[in-house]
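> Following is a predicted model, sequence given first.
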Amino acid sequence: MPTQPEVLVSMSRSRVILAGLLVASLAAACSSGGASSVVPSSSASASASPSAAVSASPEPSVTPTKLTVGLGYIPSVQFAQFYLAQQQGYYADAGLQVEFQNKVDPDLIRLVGQGTIDVGIGDGTSIIPAVSQAIPVQYVATIYGQFPNIVFAKASSGIKTAADLRGKKIGTPGRYGSSWVMLQALLGSAGLTTSDVEIVEYPDYTQGAAVAQGAVDAATGFVNNEPVQLELNGDPAVILHVDGVVALPGPGLIAGQATIEAKHDAIAAFVAATLRAMEEIKATPKVGLDAAIAAVPELAATRATQAAILDATIASWTGPVQTSGGLGAIDLAGWEASIPVLSGMGLVPNPVTVDAVVRTDLLPPGH
């Protein structure tokens with residue numbers, strides 16, 4: 001989700017996804033999970049005889065389980081599935097009281113590990129190093145089946161492959177995070193390193209504008225943000241994906257290990273409700289767009305742009321594993337392949353296994 005400030009324009013996220021990052025918060029009430037209480041008897045039983053009232057069985061009312069969900073830094077259309085599930089009552093129907101919070105990625109990983117936030121969004125480039133450093137988080141469902149971080153350029157630049165980046169100026173927010181990991185992997189696929197290109201840093205995330213203005217030849221970004229904006233402004237874009245090089249795990253839902261044990265069924269219900277909303281948006285994007293605008297009214301001022309961003313986001317939800325296993329399915333082989341890649345970049349100080357970072361038992365059956 002995904003999910004950092006660098007991801008979105010309106011997201012820029014989602015900058016992000018990735019990034020609902022969100023405004024819609026329910027009233028904080030009730031304790032978490034499993035408690036029950038007796039509701040008052042109906043008016044019919046109240047008017048009955050004392051003996052009838054005594055024999056009447058009380059009706060239990062289950063207290064909703066509260067889940068605090070951290071999306072990304074800026075509320076965005078890329079989080080339409082969360083908004084839709086909230087607005088349509090899918091979370092409430094599952095016995096959940098969901099509250100969204102906006103957090104940047106490093107804070108989100110830490111807070112999820114501490115249990116301060118129950119569920120968040122993170123990708124393999126964040127989760128694998130975190131677990132390696134004993135932060136107890138696990139990835140429980142895929143949101144982006146395709147890694148959303150990309151390198152993009154104007155089609156007129158002549159850049160078509162990673163090899164064409166040699167000697168080019170490449171803009172990026174900084175030498176950190178998922179975009180930096182992706183860039184190194186992409187360059188490596190062509191036998192290049194960051195020393196073979198000229199890196200220009202844009203800590204204010206304006207590398208997209210730099211490409212548009214010709215200040216750099218290409219830049220890192222998100223498939224559902226900068227190249228979409230570029231094309232809406234009349235410049236056809238070329239996009240270089242890392243997926244063909246290594247299946248870096250895209251943003252997905254994460255939770256702390258202790259939280260999973262304490263709220264396993266609630267988190268599984270949250271995952272199922274969110275995937276239901278994703279399926280509906282995939283089938284009818286307009287329902288997602290409308291839900292996002294209802295949650296973030298200022299998006300209505302750029303409805304056409306938001307629709308284009310949502311279309312690109314939906315396309316990124318499905319990779320080969322999700323095609324066969326359904327939205328949310330986890331690419332275990334991709335995680336396995338990613339660990340040595342990140343280790344080679346010095347991001348995994350201590351050994352990590354896939355079993356330590358991923359669990360699939362919170363997905364709906366068949367995923």
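Looks like it arrived, so ask away.
> which SSE is residue 209 in?
According to DSSP states H and E, residue 209 maps onto helix 207-213.
> oh sorry, the question was meant for residue 125
Secondary structure assignment for residue 125, by DSSP H and E: helix 124-132.
> Can you show me the strands along the stretch 101-250 of the chain?
Using DSSP state E, counting those that start in this stretch, the strands assigned to the stretch 101-250 of the chain run over residues 119-122, 137-142, 149-154, 169-172, 198-201, 218-222, 237-240.
> what helices or strands is the helix holding residue 209 leaning on?
Where contact means 3 or more Cβ pairs under 8 Å, 6 or more residues apart in numbering; DSSP states H and E, helix 207-213 is packed against strand 149-154, strand 169-172, strand 218-222, helix 226-232. (Each C-beta comes from the backbone N, C-alpha and C, glycine too.)
> Out of these, which is the most enclosed?
Highest mean neighbour count of the helices and strands packed on helix 207-213: strand 218-222, a mean of 30 (counted as mean count of other Cβ atoms under 10 Å).
> Given that one, what are its sheet partners and their directions?
In the sheet, strand 218-222 lines up against strand 149-154 (antiparallel), strand 169-172 (parallel) (DSSP bridges).
> quick one: which of the helices and strands packed on helix 207-213 is nearest residue 317?
Smallest distance to residue 317 across the helices and strands packed on helix 207-213 (Cβ to Cβ): 13.6 Å, for strand 218-222.
> Quick one: mean pLDDT for the closest one?
Mean pLDDT, strand 218-222: 98.
> Surely residue 350 forms part of a helix?
No: looking at residue 350 with DSSP: H, G, I helix; E, B strand; the rest coil, it is coil, so not inside a helix.
> residues touching it, list them.
By Cβ atoms under 8 Å, 6 or more residues apart in numbering, the contact list for residue 350 reads 132, 133, 134.
> check which helix or strand covers residue 280.
Assigned by DSSP H and E, residue 280 falls within helix 264-283.
> Check which element follows that helix along the chain.
helix 285-295.
> Return the set of buried residues in that following helix.
By 16 or more other Cβ atoms under 10 Å, the buried positions in helix 285-295 come out as 285, 287, 288, 289, 290, 291, 292, 293, 295.
> excluding its backbone neighbours, what's nearest the first one?
In this case it means residue 285. residue 310 (5.7 Å; Cβ to Cβ, 6 or more residues apart in numbering).
> what about the one you found, neighbour count?
24 (other Cβ atoms under 10 Å).
> Ok, the one 3 residues further on next?
Residue crowding around residue 313 was assessed by other Cβ under 10 Å; the count is 34.
> likewise residue 365?
5.
> Any figure for the gap between it and residue 272?
Per Cβ to Cβ, to the nearest Å, residue 365 is found 10 Å from residue 272.
> any idea how this structure splits into domains?
Split into domains by automatic domain parsing, the chain comes to 5-26+64-146+250-357, 149-240.
> among the ones you listed, where is the model least confident on average?
Lowest mean pLDDT of those: domain 5-26+64-146+250-357, a mean of 90.
> Excluding chain neighbours, what is closest to residue 166?
In this structure, residue 166 finds its nearest non-sequential neighbour in residue 196, 5.3 Å apart by Cβ to Cβ, 6+ apart.
> I'd guessed the one you found sits against residue 167; true?
Yes: look at residue 196 against residue 167 with Cβ atoms under 8 Å: they come within range, at 7.1 Å.
> can you list the strands paired with strand 218-222 in TSV and add distance to residue 111?
TSV is the format used below for the strands paired with strand 218-222 (distance: least, Cβ to Cβ, whole Å):
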stretch	distance to residue 111
strand 149-154	22
strand 169-172	26
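> so which of these comes closest to residue 180?
Nearest of these (Cβ to Cβ): strand 169-172, 6.5 Å.
> check contacts around residue 348.
Contacts of residue 348 by Cβ under 8 Å, 6+ apart are 128, 129, 132, 339, 342.
> Mind doing that once more with 6 Å?
132, 342 (Cβ atoms under 6 Å, 6 or more residues apart in numbering).
> what's the answer for the one 4 residues further on, then?
The contact partners of residue 352, taken as Cβ under 6 Å, 6+ apart, are 128, 131, 132, 339.
> can you tell me how far the last one sits from residue 212?
Read it as residue 339. To residue 212, residue 339 is 36 Å away according to Cβ to Cβ.
> again, but for residue 252
Noted for residue 252: a distance of 31 Å to residue 212, by Cβ to Cβ.
> who has more neighbours, these two?
Ranked by neighbour count (other Cβ under 10 Å), residue 252 and residue 212 place residue 252 first, with 27 against 19.
> Provide a list of residues in contact with the closest residue to residue 241 other than its chain neighbours.
Of all residues not flanking residue 241 in the chain, residue 150 sits nearest, at 5.7 Å (Cβ to Cβ, 6+ apart). When contacts are counted by Cβ under 6 Å, 6+ apart, residue 150 touches 223, 239, 241.
> Hmm, residue 146 and the first one touching each other?
It stands for residue 223. No: contact criterion Cβ atoms under 6 Å: residue 223 and residue 146 do not qualify, at 7.4 Å.
> okay, and the common contacts of the two?
When contacts are counted by Cβ under 6 Å, 6+ apart, residue 223 and residue 146 have residue 316 as shared neighbours.
> Looking at those two, which one has more neighbours?
More neighbours surround residue 223 than the other of residue 223 and residue 146, with 23 against 20 (other Cβ under 10 Å).
> ok, so what distance separates that one from residue 154?
For residue 223, the distance to residue 154 equals 16 Å [Cβ to Cβ].
> Ok, residue 111 next?
Taking Cβ to Cβ as the criterion, residue 111 is separated from residue 154 by 39 Å.
> same deal with residue 270?
Distance of residue 270 to residue 154, given as Cβ to Cβ: 41 Å.
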